[in-house]
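Compute the structure for the input listed below.
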Amino acid sequence: MLQDVQALDHMLKNDWFETDTIRIGAEQEMCLVDKKTLKPTPKNMNVLKRLKDYNWATTEIARFNLECNLSPQEFTGKALSIMEAENREQLKLVAAAAKSSSAQVVLTGILPTLRKFDLDIVNLTPKPRYLALIEAITAQLKNDRGFELRLQGIDELFIRHDSPLMEACNTSYQVHLQVTPDTFAPLYNIAQAIAAPILAISANSPLVFGKRLWHESRIALFQQALDVRATQDHMRQPEPRVSFGTNWLDESIMEIYKEDIARFRVLLGTAVEEDSMAMVGQRKVPKLKALQIHNGTVYRWNRPCYGISSNGMPHLRIENRVLPAGPTVLDQISNAAFWLGTMMGMAHEYRDVREHMSFADAKDNFVKAAKFGIDTNFTWFNNRKVSCCELILEELLPLARSGLKSRGIDAEDIDRYLGVIEERATAKRTGARWLLQSFTELSNEVNQDESVTIITSAMIQNQMSAKPVHSWPLPKAVDLKNYRPVGLRVEEFMETDLFTVYENDLLELVGDVMDWRKLRYLPVENDKGHLVGLITTRKLLRYYIRRDRANSPESKYVSVKDLMIKDPKTITPHTTIKEAMHVMRSNKIGCLPVVKNDELVGIITEMDFLRVSGRLIERLK
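Next up is the predicted model:
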């Protein structure tokens with residue numbers, strides 16, 4: 001790798017790089033779901049077998065993900081509409097191959113129907129490099145708690161996972177812009193400066209495991225999924241492998257590579273046959289494989305890339321990893337056009353973006369955009385405070401338009417794609433807004449699993465249409481005719497917002513809590529969150545009837561431990577609802593606490609099953 005750094009430095013200093021042609025390209029990530037249940041399905045290897053004649057299709061780290069690579073296009077003329085046409089054609093071929101495996105394709109930043117157990121290591125794509133990466137990252141972990149995910153939005157998510165495969169939640173639309181060595185640093189700085197508004201207007205990933213979190217939860221989720229750092233007593237500040245960066249660039253791409261090598265240990269090794277310095281000495285262009293492998297394990301949201309063009313000349317690219325996949329092909333290309341145009345327009349308008357904005361503000365804007373999306377207020381150039389929509393409509397869209405014109409992009413294409421962004425900003429409606437509104441309204445009618453299934457179905461129906469997401473109607477509960485909760489597990493179905501009591505609590509408190517909250521069952525836990533008993537309305541009613549009878553045992557009852565059912569029947573989160581119903585019927589009970597590793601994590605009751613049954617009966621009308 002150090003040889004590769006020396007070789008790259010030599011090529012840069014001696015003007016080996018292609019400078020007369022600017023190209024653009026993209027990588028399309030996607031999810032595969034079961035045709036009937038719309039849950040993730042581990043069929044990527046099956047689908048790829050049917051696509052073996054197409055070298056643009058490849059694997060992703062999880063077995064329910066795929067990636068397609070669009071052909072590089074010279075950044076001029078009809079490049080954007082050519083990308084859209086190719087994008088659609090590739091997706092049609094993938095969809096046909098998926099259909100043969102009883103699967104469907106979904107374009108989205110985070111799949112709404114994704115469940116935590118889908119990220120089990122069994123769903124790792126069976127290729128040695130993926131397993132090596134997972135093992136290498138896990139070996140770097142500096143705490144004994146595993147990988148933690150903590151996100152707060154309308155709801156809150158705080159969970160642990162035993163592997164970094166949580167990164168597979170994220171699906172992106174990664175756009176590449178070829179740049180010259182001389183323009184790399186100023187253009188990279190521009191990419192950093194505009195990352196926040198680009199992210200805010202394109203956000204569409206607010207749902208994770210049925211929780212409403214950040215407008216673009218991919219940002220925090222990806223960082224935390226690979227975060228091996230541990231809390232410390234002293235003020236060390238190690239950077240995570242997923243990062244916005246630490247400062248502006250001064251002169252060269254070399255600054256990024258050198259910083260990343262200095263900061264982050266090599267995770268993966270491979271057999272590298274080429275001697276890059278010897279090749280440079282022979283005037284041959286090396287692939288710099290070792291350097292590229294390391295660069296592929298450091299996840300900057302704007303990533304530097306080295307490549308070799310079809311003419312044999314080396315080139316540099318900036319890869320925008322900010323944009324989520326979907327929700328439509330048109331939305332994706334519009335997001336790409338907005339980013340590419342703004343990059344070019346700002347480069348012509350501002351000699352050095354660092355003169356107008358601090359890096360701290362750029363980074364702060366990025367985090368705020370991930371949290372609040374289109375509702376963000378930015379600290380913009382010269383410390384001006386401005387809303388997302390105002391900034392985009394009044395400043396960035398005109399820059400993007402002039403930037404695309406400067407590249408000779410077809411006028412109709414400029415109007416088509418930037419028109420989508422303008423309408424989205426005017427309507428103040430992104431994919432994230434659509435998802436949040438849809439989920440909230442559906443949750444008033446149906447359970448969580450049915451809500452995310454209806455949303456996913458609507459996304460599939462709309463993703464290949466010419467209707468961008470800001471024009472989509474909100475889905476209705478009646479829209480999904482064939483909801484099938486087949487194989488539904490308890491953890492997708494249980495109530496997790498629990499009211500509980502302790503053993504030493506007074507029975508009067510129990511009665512009031514059950515009355516106030518209209519509860520029929522109340523779990524009893526200890527101070528470690530372990531289930532130790534269960535109070536039922538039947539037990540409580542018997543207590544109130546008998547407590548004034550002189551010879552009844554209930555007359556001496558005072559606290560919860562006197563009345564509770566000890567060692568109640570329980571199930572685990574991985575139990576299917578069919579199995580849970582069988583347990584309740586065979587034991588003639590109306591409630592099952594859900595326990596994992598002795599910890600109380602949820603509860604299901606007969607009313608939960610009644611709601612699902614009622615919805616299924618309604619669908620038969």
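
Next, count neighbours for His574.
12 (other CB atoms under 10 Å). Quick note: C-beta positions are derived from backbone N, CA and C, even for glycine.

Thought Arg489 was touching it, still the case?
Yes: counting by CB atoms under 8 Å, Arg489 is a contact partner of His574 at 5.7 Å.

Mind listing the shared neighbours of those two?
Common contacts of His574 and Arg489, defined by CB atoms under 8 Å, 6 or more residues apart in numbering, comprise Phe117.

Next, Thr58: secondary structure please.
Three-state assignment for Thr58 (DSSP: H, G, I helix; E, B strand; the rest coil): strand.

now the protein, which segments are flagged as low pLDDT?
231-237, 485-487, 612, 614-621 (pLDDT under 70).

Show me it divided up by domain.
Using automatic domain parsing, the domains assigned to the chain come out as 2-427, 431-471, 490-619.

Glu495: neighbouring residues, count only.
For Glu495, using other CB under 10 Å, the count is 15.

Apologies, that question was intended for Leu199.
The burial count for Leu199: 29, using other CB under 10 Å.

Thought His294 was touching Arg241, still the case?
No: applying CB under 8 Å as the test, Arg241 and His294 come out as separate, 11.0 Å apart.

okay, the domains of the chain in CSV with distance to Tyr483 next?
Formatted as CSV, these follow (distance: least, CB to CB, whole Å):
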stretch, distance to Tyr483
domain 2-427, 9
domain 431-471, 6
domain 490-619, 7
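
for the ones you listed, which one sits closest to Leu480?
Leu480 lies closest, by CB to CB, to one member of the domains of the chain: domain 431-471, at 4.6 Å.

for the closest one, how far is the first residue from the last?
In domain 431-471, first residue to last residue: 10 Å (CA to CA, to the nearest Å).

Then stretch 256-271?
24 Å.

joint contacts of Arg241 and His294?
What both Arg241 and His294 touch, as defined by CB under 8 Å, 6+ apart, is the set Phe264.

Show me what counts as buried in the host helix or strand of Asp331.
Assigned by DSSP states H and E, Asp331 belongs to helix 329-349. Buried residues in helix 329-349, counting neighbours by 16 or more other CB atoms under 10 Å, are found at 329-347.

Beyond that helix, next helix or strand please.
helix 359-372.

Now that following helix - C-alpha only, CSV.
What follows is helix 359-372 as a C-alpha-only set of coordinates in CSV (Å, rounded to 0.1, in the frame of the first residue of the first chain):
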residue,chain,number,x,y,z
PHE,A,359,-15.5,23.4,7.9
ALA,A,360,-17.3,23.2,11.3
ASP,A,361,-20.4,24.7,9.8
ALA,A,362,-20.3,22.4,6.8
LYS,A,363,-20.1,19.4,9.1
ASP,A,364,-22.8,20.7,11.5
ASN,A,365,-25.1,21.4,8.5
PHE,A,366,-24.6,17.8,7.4
VAL,A,367,-25.6,16.3,10.7
LYS,A,368,-28.6,18.6,10.9
ALA,A,369,-29.7,17.7,7.4
ALA,A,370,-29.6,14.0,8.3
LYS,A,371,-31.7,14.6,11.3
PHE,A,372,-34.3,17.1,10.0
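
how much distance is there from that helix to the middle of the chain?
17 Å (CA atoms, centre = their mean, to the nearest Å).

and what of stretch 285-298?
That offset, for stretch 285-298, works out to 25 Å (CA atoms, centre = their mean).

List the buried residues in that stretch.
285-291, 293-295, 297-298.

Surely Ala136 and Leu268 touch.
Yes: using CB under 8 Å, Ala136 is in contact with Leu268, at 6.2 Å.

Any figure for the gap between Ser438 and Pro314?
46 Å (CB to CB, to the nearest Å).

Settle it for me: which of these two has more neighbours?
Using other CB under 10 Å as the criterion, Ser438 and Pro314 rank with Ser438 on top: 23 against 20.

which is the next helix or strand following the helix or strand containing that one?
Using DSSP H and E, Ser438 maps to helix 431-443. Per DSSP H and E, the first helix or strand lying C-terminal to helix 431-443 is helix 448-462.

Do me a favour and get the backbone dihedrals for Thr183.
phi -100, psi 0 (degrees, to the nearest 10).

just checking, it touches Met344?
No: Thr183 is beyond contact range of Met344, at 10.6 Å (criterion: CB under 8 Å).

ok, now how distant is the closest residue to Met607 other than its chain neighbours from Leu534?
What sits nearest to Met607 in space, not counting adjacent residues and going by CB to CB, 6 or more residues apart in numbering, is Arg520, at 7.7 Å. Separation of Arg520 from Leu534 (CB to CB): 11 Å.

Give the residues shared as contacts by these two.
Common neighbours of Arg520 and Leu534 (CB under 8 Å, 6+ apart) are Cys591.

more crowded one of those two?
Leu534 (23 against 15).

Could you look up the SS state of the more buried one?
Leu534 ends up strand, using three-state DSSP.

Might you report the residue contacts of the closest residue to it other than its chain neighbours?
Counting by CB to CB, 6+ apart, Leu534 lies nearest to Pro568, which is 4.0 Å off, once chain neighbours are set aside. By CB under 8 Å, 6+ apart, the contact list for Pro568 reads 531, 533-534, 593.

and Pro568, that one's in a strand?
No: in this structure, Pro568 is coil, not part of a strand, as judged by three-state DSSP.

so what's the backbone phi/psi at it?
Torsion angles, degrees, to the nearest 10, at Pro568: phi -70, psi 160.

Repeat that for Lys428.
Taking degrees, to the nearest 10 as the convention, Lys428 sits at phi 50, psi 50.

And the strands in the stretch 451-600 of the chain, which stretches?
521-525, 531-536, 565-566, 591-596, 599-605 (DSSP state E, counting those that start in this stretch).

Looking at those, which is nearest to Arg88?
Per CB to CB, nearest to Arg88 of the strands of the stretch 451-600 of the chain: strand 599-605, 42.2 Å.

List the buried residues of that closest one.
600-605.

ok, Asp463 to Trp472 distance?
That one is not Asp; residue 463 is Gln. For Gln463, the distance to Trp472 - CB to CB - is 10 Å.

same check, this time on Asn302
Counting by CB to CB, the gap from Asn302 to Trp472 is 29 Å.

what's the residue lying closest to Glu491 once chain neighbours are set aside in contact with, if anything?
Sequence neighbours aside, Pro573 is the residue nearest to Glu491 in space, at 3.5 Å (criterion: CB to CB, 6+ apart). Residues counted as contacts of Pro573 (CB under 8 Å, 6+ apart) are 117, 489-491, 494, 594, 596, 601-602.

The stretch 101-250 of the chain: strands as residue ranges?
103-106, 147-152, 156-161, 173-179, 207-208, 211-212, 242-243.

Give me the sheet partners of the first one and which way each runs.
Yep, that's strand 103-106 we're talking about. Paired with strand 103-106 in the same sheet, following DSSP bridges, are strand 23-34 (antiparallel).

hang on, the earlier thing: point out the ones among the buried residues of stretch 285-298 that are inside strands.
Per DSSP state E, strands hold no members of these.
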